[in-house]
Structure formats: C-alpha cells, structure tokens
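Student: here you go, sequence then predicted model.
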Amino acid sequence: MKRTTLFLLLALSGTFCSVARAQKVAIKTNVLYDAFLNVNAGVEAGLAPRWTFDLSADYNGWTLSHERKWKHWLLQPEARYWFCDRFAGHFVGAHALGGQYNVGGLKNNLSFLGTDFSVVSDRRYQGWFAGAGIAYGYAWILNKHWNLETELGLGWVYTRYDVYPCATCGTKLAKGKSHNYFGPTKAAVNLVYTF
C-alpha cells in the first residue's frame with residue numbers, strides 16, 4: 001500500500017510539474033517598433049514542451065504633421081516550435097496578420113520586391129490588410145526572467161484601400177483598390193520577461 005501511494009504521489013507530482021511548465025508565460029515588447037513610436041506588446045504562452053502561442057499587437061495613432069500621416073493597428077498571432085526548450089534558442093513559426101492603416105505624405109524612394117512604397121510620398125492610402133507568413137527566430141536567456149529575442153518573417157499580405165490626393169484631403173481619387181505584397185511580414189528585436 002505504501003509503495004502504491006508513493007508511486008501515485010510521484011506520478012501526480014510529475015503531472016503537476018509538466019502542467020506548471022506548460023503554463024509558462026512571457027510578455028514582450030518589440031524595440032524596433034518602439035523606435036518608430038509604435039505602441040506594442042506581446043504575450044506568449046506555453047502549449048507543450050516545445051510549442052508556444054504568441055500574440056502581438058501594434059498601434060500607431062499619431063499624426064506626424066499637417067502634411068504627414070502614419071496611423072495603423074496590427075494584430076499578429078503566431079504558433080511557434082522551439083528546437084530545444086521553449087523560450088530559449090532557435091524556433092520557427094507560422095503567423096497570420098491583419099489590421100488597418102491610414103498613411104500619407106511620407107517622402108521616400110523605396111521600391112521592394114514589386115511593391116512601390118514611394119507612392120505614399122504624394123498620396124494618402126487608407127485601408128485594411130490581412131496575410132500570413134513563416135518566421136525564424138532565436139532567443140537568448142539573459143537571466144532567470146529576462147530574454148532577448150530576434151525574429152524575421154516572410155510571407156504574403158493582401159490589402160484593399162482608397163487613395164486620397166494628400167495626407168489630410170477628404171476627396172477620394174480611387175476606391176476599393178487592391179494589392180498583393182510578398183516579402184518581409186515580421187521583424188522583431190523583442191525584450192522578453194518570462195514568468
């Protein structure tokens with residue numbers, strides 16, 4: 001009877017330990033987005049010993065000036081597989097993304113992988129987007145609770161938008177236009193707190 005009780009206690013303690021490990025959670029901020037004054041936060045929860053679910057949100061509601069506007073919000077859920085232990089080392093992920101934007105008057109000459117971003121120099125674009133991608137990342141353990149994590153994702157984004165002649169104009173030049181984008185969908189240098 002004592003052996004059976006001891007065996008059951010050991011089995012239950014092992015179960016509780018694995019459940020406690022599976023409930024490990026991290027909160028994070030992307031310092032790259034912070035540099036562009038985008039308010040952002042993420043939370044990541046353990047699902048299994050090598051699987052986590054990450055949900056990041058990003059918001060920029062600032063009007064830069066009368067001639068320049070850069071407003072958007074973004075949600076980006078991601079399933080991650082960790083090659084060793086979760087929250088440490090190499091990982092791959094599959095993510096979705098979606099949100100809305102209102103951008104115009106941002107002077108640039110950028111054209112990348114078939115998408116001409118210079119069009120926002122003289123016009124305002126307002127619309128929504130949705131897409132999906134894959135990512136690779138690495139997390140360094142700094143101490144018991146703090147990690148530094150980098151990640152780069154590639155994928156596809158579909159967008160529908162209206163075009164306006166300037167950053168603050170209300171007269172539409174075009175309505176319901178669409179565009180398919182292929183390229184980077186995620187870039188992150190995250191400061192992570194685990195508990």
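Tutor: Yep, it's here.

Student: give the buried residues for the longest strand along the chain.
Tutor: For the chain, the strand reaching the highest residue count under DSSP state E is reported as strand 174-194. Within strand 174-194, the residues scored as buried using 16 or more other Cβ atoms under 10 Å are H179, Y181, T185, K186, A188, N190, V192, T194. Where C-beta positions appear, they are placed from N, C-alpha and C, glycine not excepted.

Student: and for stretch 113-132?
Tutor: V119, V120, R123, R124, Y125, Q126, G127, F129, G131.

Student: closest to D162 out of those?
Tutor: Proximity of these to D162 (Cβ to Cβ) peaks at Q126, which lies at 5.3 Å.

Student: starting at the chain centroid, how far to whichever helix or strand the closest one is part of?
Tutor: According to DSSP states H and E, Q126 maps onto strand 124-141. Averaging C-alpha positions (Cα atoms, centre = their mean, to the nearest Å) puts strand 124-141 5 Å from its chain's average.

Student: and it, what's its mean pLDDT?
Tutor: Mean pLDDT, strand 124-141: 96.

Student: in its sheet, what does it sit against?
Tutor: Note on strand 124-141: by DSSP bridges, its sheet partners are strand 89-104 (antiparallel), strand 146-164 (antiparallel).

Student: next, the angle strand 174-194 makes with that strand.
Tutor: For strand 124-141 against strand 174-194, the angle by axes from the mean of the first three to the mean of the last three Cα atoms, to 10 degrees is 20 degrees.

Student: C-alpha coordinates for strand 124-141, CSV please?
Tutor: This file holds the C-alpha atoms of strand 124-141, laid out as CSV (Å, rounded to 0.1, in the frame of the first residue of the first chain):
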residue,chain,number,x,y,z
ARG,A,124,-2.7,59.1,-48.8
TYR,A,125,-3.7,55.4,-48.6
GLN,A,126,-6.4,54.2,-46.2
GLY,A,127,-7.5,50.6,-46.0
TRP,A,128,-7.1,47.2,-44.4
PHE,A,129,-4.8,44.2,-44.8
ALA,A,130,-4.5,40.5,-44.0
GLY,A,131,-1.8,38.0,-44.6
ALA,A,132,0.2,35.0,-43.5
GLY,A,133,3.9,34.1,-43.2
ILE,A,134,6.6,31.9,-41.8
ALA,A,135,9.4,33.0,-39.5
TYR,A,136,12.7,32.1,-37.9
GLY,A,137,14.0,33.4,-34.6
TYR,A,138,16.4,32.9,-31.8
ALA,A,139,16.1,33.8,-28.1
TRP,A,140,19.0,34.4,-25.7
ILE,A,141,18.5,33.9,-22.0
